[in-house]
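In: Would you be able to build a 3D model of this:
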Amino acid sequence: MIKKYATPLAISISLASGLSIAASDKPNKPETIAVTADRIEKQLGDQSLAISVISQEDIESIGHTHISQILSQVPGVSISRGNGQENLTAIRSGVLTGTGSCGAFYFAEDGIPLRAPGFCNVNQLFDVNAEQASRIEVIRGPGTAVHGSNALNGVINVISRASSADPETHLSFEAGPDKYGRIKASHSNTTGKHGYRISLQGNHDDGFKDESGYDQQKMNLRHDYHGETWNIQSMLAASNLNQETAGYILGEDAYKNDDRKRENPNPEAFRNSTSVRYYSRFERDGERDSRFVVTPYLRYTEMEFLQHFLLGTPLEENGERTAGLQTAFYQNYSDNVTLYNGFDMEVTKAYLKQSQSQATFGSFPTGQHYDYDVDALYGAWFIGGDWQATSSTKVNFGGRYDVQFYDYDNLMIDGNTAADGSACPSGTCRYARPADDKERFRNSSFNLGVVQNLSDHTDLIANAGHGFRAPQAAELYRLQAQQLNADLDEESLNSIELGLRGNWETFQYRVSAYVMHKNDVIIQDSNRSNINGGKTIDRGLEANFSWQIAPSLLWQLQASYSKHQYANDALTAEGNEIDSAPRQLAGTLLRWSPFTNTRFELEIQYQGEYFLEEDNLYRYPGHTLSNLRWRQQYGKQLYSVVRINNLTDIDYAERADYAFGNYRYFVGEPRAAYLEVGFDF
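Out: Model prediction:
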């Protein structure tokens, strides 16, 4: 009963507290800056989108060992942790699974997508160095004119740290359970027109589960040049992951059984991933208050992993090489109107292979399953702007037109056979290979928002958007059973949002209500064919509050209540709730600094119950996690941080579902203490 009403009660208390503060007429605190909406710095108060910014202070304080721990600070966002560094994303949605579902999200570093359009990977967030970032910006709902394909449900953009004006060196060591260890180092300086920063980290974890664990390394090398005509920001980013992967444990409530928590039914599973990215952003100011930005970039990825969740545990290998370009031109036509336009393009060469060495019976043949290349060309043109319609009304708008080309080359025998052309014992093989093909997809997106100032401190916000995603290459060419041609259209989403926000010196809040309709959802039917035809509806309320109760005491709350449903009977009964979609998500944080050099944080994260499959017959009851952190500064150079995760040592599942007649769980880790010691020079 307490859990059921915890979130509404907390929101009510926060609203009451906010009203008591609203009478204060102190000056506003400095505005937060974000670049994700339009690729240039803008104050959050000028934007209608639901944008959340996770600061560098929060990133360093939380010290996340998995991306889910930091993104849980954002309302309406849930990152479901798999084993090791694996993850699945939900933004105003259930956890999206299946081939190509990750195409609903736009993941980027400094505005550059981590993967090419059409070649998403559900785990691609582990490529980016979020642990040493300047901030993380999150858009909930469709993106803007600068995003396009894949910015359907939301955008996560990790912003790298700029070079420092003076010499700056940081070194830290961290240790935790299961032989966890992490080293982070960075150095930065600026001399004349040139500044640089190098950020490095290395992680090792033996893993909580048997025969699991990972080693991971990340590097960012950034150069900033400030010339008389051009400003140039360049960065080389690289990451490497070698992971021994533990699979689900099976059986109802197995995650509560102490004898089974460390069980690993797939000790042979692994995932290796390497990525390298480079860009240079050239920016100059022109005549009549204009600005021109052009950003060429390169991307390289390689991944191989054993698909432990499939019979026969086939090995997948995939990769891409991309050259891309982003351009934008900004012009202030008057004190009231700013317009921008530009074009984006990418050329990608990608490949995918799948093979199986383990002998199985029936439809899973040994040998090669897939071996294909895809040459892709992506281009888009966009226009947008801001209009100060009246002294109290601001309008944000944008539109975009995208074209995606695929040139697919099957390097094996066509059809639904084993690699040598023989039939499978069951008569139908699990995997099917279409003949060489070319596809083209064209679509448009738009966003329109209004910020209406009700007072010096309060804004009413309205926002409408239309987003889409082209079918991913794997949905078109990685087919199954008798399907040899996937005639797929783009998925589309229409969104409407209404919100209210307030900003005082010691108190800030935003509450929003949204409705999103998604059409032509790509699903897999009972014959294992990829088809369009699914429809969903997402409705929700989101709120976040920040109250500086006293100079030494800060309280924050983020919460959401949502309902995600199937809007037709393509997969299950219309009106059923989407699986892995908790109605309630909430988190609260209390930060107390009793002394100048001492800070404590108590964080509580709540996840409500959710259905485990589309027929809504099985549930996970939800859980509440608490975390405690203590940072102590010793002079100017030395500090320590103690972090205790799962303080109350509850039994919980990081992820749960029901498939193939079984409950399946990724077990949440028990109480764990981490110690970090750092030096700043």
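
In: tell me the centre residue of this protein?
Out: Per Cα atoms, centre = their mean, the C-alpha nearest to the average position across the chain is that of residue 156, at 4.9 Å.

In: Would you agree that one is in contact with residue 111?
Out: No - Residue 156 sits out of contact with residue 111 when judged by Cβ atoms under 8 Å, with a separation of 11.6 Å. For the C-beta atoms, the positions are set from N, CA and C on the backbone; glycine is no exception.

In: hmm, back to that, just list whatever residues bridge to the residue nearest to the centre of the chain.
Out: Taking DSSP bridges as the rule, residue 156 bridges to residue 107, residue 138.

In: and residue 313, what is it in contact with?
Out: 266, 268-269, 306-307, 356, 358 (Cβ atoms under 8 Å, 6 or more residues apart in numbering).

In: Now residue 612: closest residue in space that isn't a chain neighbour?
Out: Leaving aside its chain neighbours, residue 612 sits nearest to residue 658 (3.9 Å; criterion: Cβ to Cβ, 6 or more residues apart in numbering).

In: Okay, that neighbour and residue 503: tell me how far apart.
Out: From residue 658 across to residue 503, the span is 44 Å (Cβ to Cβ, to the nearest Å).

In: now do residue 128
Out: 30 Å.

In: just residue 131 next, same as before
Out: 29 Å.

In: Sketch out the strands for the stretch 101-250 of the chain, chain order is fine.
Out: 105-109, 112-113, 135-140, 154-159, 168-176, 180-191, 194-205, 213-226, 231-244, 249-250 (DSSP state E, counting those that start in this stretch).

In: So which of these is nearest residue 570?
Out: Evaluated with Cβ to Cβ, the strands of the stretch 101-250 of the chain place strand 105-109 nearest to residue 570, the distance being 21.9 Å.

In: tell me the angle of that closest one relative to strand 231-244?
Out: Inter-element angle recorded for strand 105-109 and strand 231-244: 110 degrees (by axes from the mean of the first three to the mean of the last three Cα atoms, to 10 degrees).

In: so what's the residue nearest to the centre of the chain up against?
Out: By Cβ under 8 Å, 6+ apart, residue 156 lies in contact with 71, 89, 91, 105-108, 125, 136-138.

In: same thing with residue 567?
Out: Shown in contact with residue 567 (Cβ under 8 Å, 6+ apart): 517, 535-537, 574.

In: and it, backbone torsions?
Out: phi -100, psi 0 (degrees, to the nearest 10).

In: Next one, pLDDT for it please.
Out: Predicted confidence (pLDDT) at residue 567: the value is 97.

In: mind checking how far it is from residue 357?
Out: Per Cβ to Cβ, residue 567 is found 42 Å from residue 357.

In: Figure out the helix or strand that the residue nearest to residue 612 lives in.
Out: Using DSSP states H and E, residue 658 sits within strand 653-659.

In: Tell me who's in contact with the residue nearest to residue 568 when sequence neighbours are not counted.
Out: Once flanking residues are discounted, residue 568 sits nearest to residue 535: 4.5 Å by Cβ to Cβ, 6+ apart. Residues near residue 535 by Cβ under 8 Å, 6+ apart: 517-519, 521, 566-568, 570.

In: Now with 7 Å, please.
Out: Applying Cβ atoms under 7 Å, 6 or more residues apart in numbering to residue 535 gives the contacts 518-519, 521, 567-568.

In: Out of those, grab the one that's most surrounded.
Out: Using other Cβ atoms under 10 Å as the neighbour criterion, residue 518 leads the contacts of residue 535 with 24 neighbours.

In: does that residue have beta-bridge partners, and which?
Out: Going by DSSP bridges, residue 518 forms beta bridges with residue 493, residue 536.

In: same question, residue 351
Out: residue 319, residue 373.

In: Any stretches of the stretch 451-600 of the chain with poor pLDDT?
Out: For the stretch 451-600 of the chain, applying pLDDT under 70 flags no range at all.

In: Now do the helices in it.
Out: 473-477 (DSSP state H, counting those that start in this stretch).

In: which stretches of it form strands?
Out: Assigned by DSSP E, counting those that start in this stretch, the strands in the stretch 451-600 of the chain fall at 458-469, 479-480, 491-503, 507-524, 530-550, 553-566, 584-595, 598-607.

In: Can you mark which positions in the longest one are buried?
Out: What it means is strand 530-550. 530-532, 534-538, 540-548 (16 or more other Cβ atoms under 10 Å).
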